[in-house]
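> 3D model of this:
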Amino acid sequence: MKAETASTRPCIKAGARSLPQAELEHSTRTPISGLVFILAIVALVLHFVGRNHYGFFRDELYYIACGNHLAFGYVDQPPLIAVIARVSSLLLGTSLSAFRFFPALASACLVVLSGWMTHELDGGRFAQGLACLAVLLAPIYLAFGSFLSMNAFEPVLWLACACILVRIQKGGDERLWVLFGAVAGIGLQNKHTMLMFGFAVVTGMMFARDWRQLRSKWFWVGGGLAFFIFLPNLIWEAQHNWPQIEVVHNAQAIKNTPVSTWRFLGEQVLFLNPAALPIVAVGLAWLLFSKRAKRFRAFAWAFLVVIAVVTMFHEKSYYPMPFYSILLAAGSVGVEALFGTRGALRVAYSAVLAVSGLVMLPFGIPVLSLTALAQYERAIPIENVVKMEQDSTGHAHQLYTDMLGWDRMTVAVASVYHSLPPADQTQCAILAGNYGEAGAIDLLGAAFGLPKAISAHNNYYLWGTNGSTGEIVILFGQHAESTKKLFSSVELAATISDSEAASAESHLAIYVCRHPKAPLAELWPLLRFFE
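A predicted model of the protein is given here:
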């Protein structure tokens, strides 16, 4: 039989480039490990355990309210999260567990995609398992998947795009750029930071001199598709005078905690799990310097661009987090190559990663009681290191503080409402200070027969006064002290003192206000605040 040589070896056509059969075999030689799917199931179980602890997160209540007012956009986010909230309520109900099912599922999908990405980078079973373990136990990814928010889905969408790009870079059909564009477009409807990811990837490809892909017509078709999917939200933003820009500016000026460079870097380490830092470092080095990773070098440059953009514009420390799953996949391939067949090193490092991740677990998923959490935080005071917003003080760190007190607040407001004469109740409006307070009344207040709340905060402002004239208003929450001056009659009806709640909700006066100095619809623009 005639021997096969390099010149006679069959090739597989892929777009304008061909791959030798040996290279194709190398890329598919190690199948996706079963451990990838086992760890994805573990992710689901962990979120199932923590799903009902404490209560609804502040932003979660707002997104649920947005789901009841579907639109092509909102003051502070694109529409996808509202759609997911609405689908959750229709399919699963309105319980805490129901609204947290899809975020938990996204967490499991992130683990699977991490294994797939590592496999696409030609990582073996150990590399795949290491990447999935690092992603599974990263406190920030656990936190993202523990409640309904845009952040639960953002890392999945970024990593899905990265997986598609790796397949293209390995010689896959260039028409995959259309799929990339579709996923990126959905990502833009989830969170506008997908623009940063797209900018970083294109810039990274330019730095890596991957001109062939940038000249491909399918690259531009994919970009056009992403823009087309994003267009309805873009039109909504233009029609409403670009409120997202105002929200970002006000948040940076008023709400977000300033972060120094050293604190920013420290938070990156804590968010990911300190034991995962070597994987990240190896991943960046592998992408930048390894000949084996030359065709994937754009990811290294893209990561550096993301870090530069976040620091330049003083964004929140968790904004680069969706990109780290890509570095963890690349780093796991590099670690596998460094360890070689030394099984003891593999087991030892995996054990350190697992133990460190389990120590950090209570900071990502609410698995402890409040009493146990308080004791745990005294032993490991991470809440003193990681603080996102100025008013995030409370019984626990911000993730959990913003889950506390909503039920007691709603009960107090309901008590005041039902103390009014029936005739007053029929025309009474409940004016909440911020979207979390309003969202709590909307969702939890239904069981107490409360009307829907109104608020001038973010998209609640656009939803208006629900036809209320303001003749009788129950007023409470943020800005209540200044707002009550707009009424001729103000009565202090109750005071909520809750040491567990966030500082903004820990001591709330509830007023019954009558006789506004002008119709509420005319006063409404004076109350507006976007942040």
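> and the helix or strand Phe197 falls within, what does it pack onto?
Phe197 is part of helix 194-207 when elements are defined by DSSP states H and E. Applying 3 or more Cβ pairs under 8 Å, 6 or more residues apart in numbering; DSSP states H and E, one finds that helix 194-207 contacts helix 154-169, helix 176-190, helix 211-215, helix 298-312, helix 321-339. Where C-beta positions appear, they are placed from N, C-alpha and C, glycine not excepted.
> Can you tell me which of those is nearest to Ile472?
Closest approach to Ile472 among these is made by helix 176-190 (39.7 Å; Cβ to Cβ).
> if we look at that closest one, which residues are touching it?
Helix 176-190 has contacts (Cβ atoms under 8 Å, 6 or more residues apart in numbering) with 78-81, 150, 153-154, 157-158, 160-161, 164-165, 167-168, 194-195, 197-198, 216, 218-219, 221-230, 233.
> switch the cut-off to 7 Å
Contacting residues not belonging to helix 176-190 are listed as 78-81, 150, 153-154, 157-158, 160-161, 164-165, 167-168, 194-195, 198, 216, 218-219, 221-223, 225-226, 228-230, 233 [Cβ atoms under 7 Å, 6 or more residues apart in numbering].
> can you check stretch 106-114 too?
By Cβ under 7 Å, 6+ apart, stretch 106-114 touches 36-37, 39-40, 43-44, 47, 131-132, 135-136, 141, 145, 152-153, 155-156, 159-160, 163, 325, 328-329.
> Pull out the buried residues from the helix holding Phe197.
Met194, Met196, Phe197, Gly198, Ala200, Val201, Val202, Thr203, Gly204, Met205 (16 or more other Cβ atoms under 10 Å).
> Ok, stretch 504-517 next?
Using 16+ other Cβ under 10 Å as the test for burial, stretch 504-517 gives Ala504, Glu505, Ser506, Leu508, Ile510, Tyr511, Val512, Cys513, Arg514, Pro516.
> and what of stretch 34-45?
Buried residues in stretch 34-45, counted by 16+ other Cβ under 10 Å: Leu35, Val36, Leu39, Ala40, Val42, Ala43, Leu44.
> ok, of the residues you listed, which one's closest to Ala300?
Closest approach between those and Ala300, by Cβ to Cβ: Val36, at 23.9 Å.
> Not counting its neighbours along the chain, what's nearest the closest one?
Of all residues not flanking Val36 in the chain, Gly115 sits nearest, at 3.1 Å (Cβ to Cβ, 6 or more residues apart in numbering).
> Around the one you found, count how many other residues there are.
28 (other Cβ atoms under 10 Å).
> Generate the ChimeraX command that creates a selection of the buried members of the contacts of helix 176-190.
Buried subset of the contacts of helix 176-190, written as a ChimeraX selection, criterion 16+ other Cβ under 10 Å:
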select :78,79,80,81,150,153,154,157,158,160,161,164,165,167,168,194,198,216,218,219,222,223,225,226,229,230,233
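> returning to that earlier point: how about the buried residues of stretch 504-517, which pair is most distant?
Applying Cβ to Cβ across the buried residues of stretch 504-517, the maximum distance is between Ser506 and Pro516, 28.2 Å.
> Check what pLDDT the residue nearest to Val36 gets.
As predicted, Gly115 sits at a pLDDT of 97.
> now swap in the one 5 residues further on and tell me
pLDDT, the model's per-residue confidence, is 95 for Glu120.
> Where do the strands of the stretch 351-500 of the chain begin and end?
Ranges of strands within the stretch 351-500 of the chain are 428-432, 453-454, 472-476, 487-497, based on DSSP state E, counting those that start in this stretch.
> And the helices in the stretch 401-531 of the chain?
Ranges of helices in the stretch 401-531 of the chain, per DSSP state H, counting those that start in this stretch, are 406-418, 422-427, 435-444, 459-463, 480-483, 520-527.
> Turn the ones you listed into CSV, including distance to Ala293, mean pLDDT and mean neighbour count.
As requested, the helices of the stretch 401-531 of the chain are exported to CSV (distance: least, Cβ to Cβ, whole Å; pLDDT from 0 to 100; neighbours: other Cβ atoms under 10 Å):
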stretch, distance to Ala293, mean pLDDT, mean neighbour count
helix 406-418, 48, 95, 19
helix 422-427, 67, 94, 12
helix 435-444, 44, 96, 27
helix 459-463, 44, 97, 20
helix 480-483, 57, 94, 16
helix 520-527, 55, 95, 15
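> Switch these over to TSV; also include distance to His69.
Below are the helices of the stretch 401-531 of the chain laid out as TSV (distance: least, Cβ to Cβ, whole Å):
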stretch	distance to His69
helix 406-418	20
helix 422-427	23
helix 435-444	10
helix 459-463	6
helix 480-483	23
helix 520-527	17
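> quick one: which of these is nearest Gly67?
That would be helix 435-444 among the helices of the stretch 401-531 of the chain, by Cβ to Cβ, at 10.3 Å.
> Show me what that closest one packs onto, helices and strands only.
Contacts defined by 3 or more Cβ pairs under 7 Å, 6 or more residues apart in numbering; DSSP states H and E place helix 435-444 against helix 58-67, helix 406-418, strand 428-432, strand 453-454.
> Between the ones you listed, which one is closest to Pro103.
Nearest to Pro103, of all the helices and strands packed on helix 435-444, is helix 58-67, at 9.3 Å by Cβ to Cβ.
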